[in-house]
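Asker: turn this into a structure:
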Amino acid sequence: MNRLAAIALAAALAGCRSSYELPEEPEPGPAASPEENQEIVQLVATLGAEDPKARTGASARLEEIGLAAVPWLFAGAEDSDPERAQASREVLARFRRKSWETTPPTDEEFVVRLQRSVRTGHSLRVFAFWWVARIARVEEARRTIPDPGVWLRDDDPEVRRYAAVLHIRFGMDVRRLADLLPDALEQILRSRGELEEWEEVLISLCAATFEEAELVKVRMDLRDFVRKARSADESLAWWEVRSFFRRAGPAAEPLLRDILLNEEPGDLRRLAAVSYGPGSRTAPLLAAWKTGPNDDLAIALGNSGRPEPAPELVRLLAASKPDSLDRWAAELALERATGKWLGDASDKTDAAAARWRAAVEGGSKNIHLSIACDDGGAFLATEGGESLWEVGVGPLDQNRIVRIVPGWAVFHAPALDPSTAAADLLAAWRLNNSAYLLLLDFMAMGSESARPRAERMIARALAAAAGTQPGPTLEATVEVIREVRDPLNKRDRGLLADSSAPEEERRLAARRLAFGGAEDASALAAFAASKPSPASRAAAYLTLFQIGDETAFLALAANAADQEAKIMYGGFPDSAACLLLRVRFIEERGLEECDANERDPEKWARTVRAAFAKK
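Answerer: Predicted coordinates:
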């Protein structure tokens with residue numbers, strides 16, 4: 001809360017040092033007398049005293065004082081004295097647990113104090129409103145502020161906001177909040193953080209059932225907002241407001257449809273187009289599209305899953321600049337219109353347009369796989385004679401990985417051939433996911449680990465490549481693929497043993513055995529021992545690593561001295577057999593007795609046997 005943060009900062013700057021002084025009084029002025037405030041300040045200062053009895057006494061007295069001590073405790077929590085800061089935080093935690101968070105208050109005295117704070121212009125009235133709106137049970141909130149509508153025109157914008165939140169919690173007519181829309185949008189323009197503060201109100205307004213005259217007023221307010229955002233060149237990407245339309249779901253459809261059908265071309269109409277989503281009614285928009293197609297109708301229909309505007313969206317994409325809203329809107333709408341995802345070509349508009357044109361017209365033989373879903377998308381294609389995976393992880397909820405430019409965070413992986421695509425993607429993911437996951441976690445700002453979502457997307461890509469259904473986890477998906485591949489492995493084992501077969505076919509057969517077992521590991525060991533090319537030996541070693549049983553790792557150990565067969569790891573080529581042994585037993589298993597530079601097959605064989613015996 002801005003006001004509370006300002007109070008705490010003023011207290012910290014003015015008083016929270018080795019000795020306390022009374023800070024400058026925040027407006028509109030405290031209800032407590034200067035003497036009472038001085039007592040609070042001295043009590044907070046005593047929390048850092050050497051005498052434990054003095055600290056205990058100060059803590060108990062502050063808990064007695066209660067609500068009025070909160071700003072000074074916040075200030076104390078930021079004090080340069082670590083003892084005082086920690087003690088202030090502990091008192092705050094106990095006070096909160098005791099008074100309102102874990103068990104909302106039921107005693108009359110506390111409610112009366114809150115009512116007094118709300119009604120008398122007390123400097124803590126905003127804090128009281130926050131508590132009632134965000135923390136209190138509904139019945140307690142009703143006792144304290146029976147009619148929040150009275151406060152919707154209050155002079156303090158934070159009071160108006162919390163009154164609106166209470167309005168929603170009490171199930172009152174949301175349309176009464178329409179007058180607050182300009183206020184909310186103005187605050188969002190001033191501070192990006194206000195988007196979250198106004199979240200409930202904006203979502204409710206997006207979903208409200210307005211009369212025609214009310215819709216016109218809301219459109220005018222939104223139009224004014226996007227005009228100011230554009231002219232002010234704000235760092236706020238104004239189309240982020242679309243998230244509130246999207247969270248309102250199909251209930252936002254009447255407002256969005258009204259904008260799309262009645263607004264002139266411009267930013268507001270584009271905002272409505274990118275905000276349209278699955279589940280919305282499309283008949284009125286489709287009728288308008290047939291009589292007078294335009295880019296915004298194409299985007300809205302594509303976002304709702306209609307395929308008809310796909311050619312128009314490809315045209316819009318081809319004409320757009322790499323970092324433009326047109327590019328982002330057209331590509332996202334194409335994904336939803338076609339159910340496909342065609343990789344990340346965010347800086348190559350021509351390449352992206354060519355991919356989409358081929359996909360829409362059905363003329364591309366190079367696109368082997370393309371899927372899109374809530375978690376992201378996966379794309380496997382052959383370009384320039386090489387097959388390449390791109391697996392994108394989509395936007396996480398709220399302020400986590402948010403897609404505001406074309407392309408998501410993308411994991412790239414080479415594939416030998418479409419027939420080995422599942423094995424190649426799984427190997428690349430296991431060996432090279434650390435830097436990618438670090439990027440995702442950085443983008444997620446620590447609010448959610450990106451690994452589960454990334455692994456779900458990898459599992460969907462693997463299943464699509466193998467022609468199976470994904471399991472609930474990546475491991476479960478791999479087991480499903482093992483069962484499907486088992487009858488086919490006999491054919492590939494025979495191909496490995498056939499020295500007259502072309503080596504390229506034998507190398508592909510070696511990779512397809514990645515979902516096999518001990519019998520397949522033995523066939524791969526024999527293939528590697530027949531001394532095929534280094535590339536074929538590297539393929540066999542990688543497959544043995546993926547099979548992962550004792551037979552497979554003993555075969556790897558037998559080839560630990562092979563320095564010709566290499567694979568890429570961390571962006572650099574390395575000796576395949578020795579590297580894969582290190583990854584398994586040092587990096588993954590953490591066996592301290594392993595030497596990272598060891599190349600002696602016998603020593604590695606002893607390590608493998610000991611590790612599996614221990615397992």
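Asker: could you list the low-pLDDT ranges of the stretch 201-350 of the chain?
Answerer: The model of the stretch 201-350 of the chain has pLDDT under 70 over residues 232-240, 243, 345-347.
Asker: isn't residue 335 up against residue 377?
Answerer: Yes: between residue 335 and residue 377 there is a contact at 6.9 Å, judged by Cβ atoms under 8 Å. C-beta here means a position set from N, CA and C on the backbone, and glycine is covered the same way.
Asker: now do the SS call for residue 251.
Answerer: Under DSSP: H, G, I helix; E, B strand; the rest coil, residue 251 falls in the helix class.
Asker: what sits closest to residue 298 if chain neighbours are left out?
Answerer: If the residues on either side of it in the chain are set aside, residue 298 comes closest to residue 309, at 3.7 Å by Cβ to Cβ, 6 or more residues apart in numbering.
Asker: same question for the helix or strand hosting residue 141, mean pLDDT?
Answerer: Assigned by DSSP states H and E, residue 141 falls within helix 138-144. Helix 138-144 comes out with an average pLDDT of 82.
Asker: looking at residue 335 and residue 377, which one has more neighbours?
Answerer: residue 377 (26 against 21; other Cβ atoms under 10 Å).
Asker: give me the next element, helix or strand, following whichever strand or helix holds that one.
Answerer: For residue 377, the element it lies in under DSSP H and E is strand 376-383. Next helix or strand after strand 376-383 toward the C-terminus (DSSP H and E): strand 386-393.
Asker: quick one: strands adjacent to that following strand?
Answerer: strand 376-383 (antiparallel), strand 409-415 (antiparallel) (DSSP bridges).
Asker: mean pLDDT and distance to residue 134 for these - can I get that in TSV?
Answerer: Shown next, in TSV, are the strands paired with strand 386-393 (pLDDT from 0 to 100; distance: least, Cβ to Cβ, whole Å):
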stretch	mean pLDDT	distance to residue 134
strand 376-383	88	33
strand 409-415	87	33
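Asker: export those strands to TSV and tack on distance to residue 451?
Answerer: As requested, these are exported to TSV (distance: least, Cβ to Cβ, whole Å):
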stretch	distance to residue 451
strand 376-383	13
strand 409-415	12
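Asker: give me whichever of these is most buried.
Answerer: Ranked by mean neighbour count, the strands paired with strand 386-393 are led by strand 376-383 with a mean of 22 (mean count of other Cβ atoms under 10 Å).
Asker: circling back to that earlier point, who does the helix holding residue 141 touch, helix- and strand-wise?
Answerer: Applying 3 or more Cβ pairs under 8 Å, 6 or more residues apart in numbering; DSSP states H and E, one finds that helix 138-144 makes contact with helix 108-119, helix 157-169.
Asker: least reliable of those helices by average pLDDT, please.
Answerer: Ranked by mean pLDDT, the helices and strands packed on helix 138-144 bottom out at helix 108-119, with a mean of 58.
Asker: now do the buried residues in the helix or strand hosting residue 484.
Answerer: According to DSSP H and E, residue 484 maps onto helix 474-497. Buried residues in helix 474-497, counting neighbours by 16 or more other Cβ atoms under 10 Å, are found at 474, 477-478, 480-482, 485, 489, 492-493, 495-496.
Asker: now the helices: where do they sit in the stretch 401-550 of the chain?
Answerer: 421-432, 434-443, 451-466, 474-497, 503-512, 518-529, 534-547, 550-558 (DSSP state H, counting those that start in this stretch).
Asker: now the second one: mean pLDDT?
Answerer: Here helix 434-443 scores 74 as its mean pLDDT.
Asker: and that helix, C-alpha only, in CSV?
Answerer: These are the backbone C-alpha positions of helix 434-443, laid out as CSV (Å, rounded to 0.1, in the frame of the first residue of the first chain):
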residue,chain,number,x,y,z
SER,A,434,19.9,-26.1,-17.3
ALA,A,435,20.6,-22.8,-19.1
TYR,A,436,17.1,-22.8,-20.5
LEU,A,437,15.4,-23.4,-17.2
LEU,A,438,17.6,-20.7,-15.6
LEU,A,439,16.3,-18.2,-18.2
LEU,A,440,12.7,-19.3,-17.6
ASP,A,441,13.0,-18.9,-13.8
PHE,A,442,14.5,-15.5,-14.3
MET,A,443,11.6,-14.5,-16.6
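Asker: helices or strands next to it in the packing?
Answerer: Partner elements for helix 434-443 (3+ Cβ pairs under 8 Å, 6+ apart): strand 409-415, helix 451-466.
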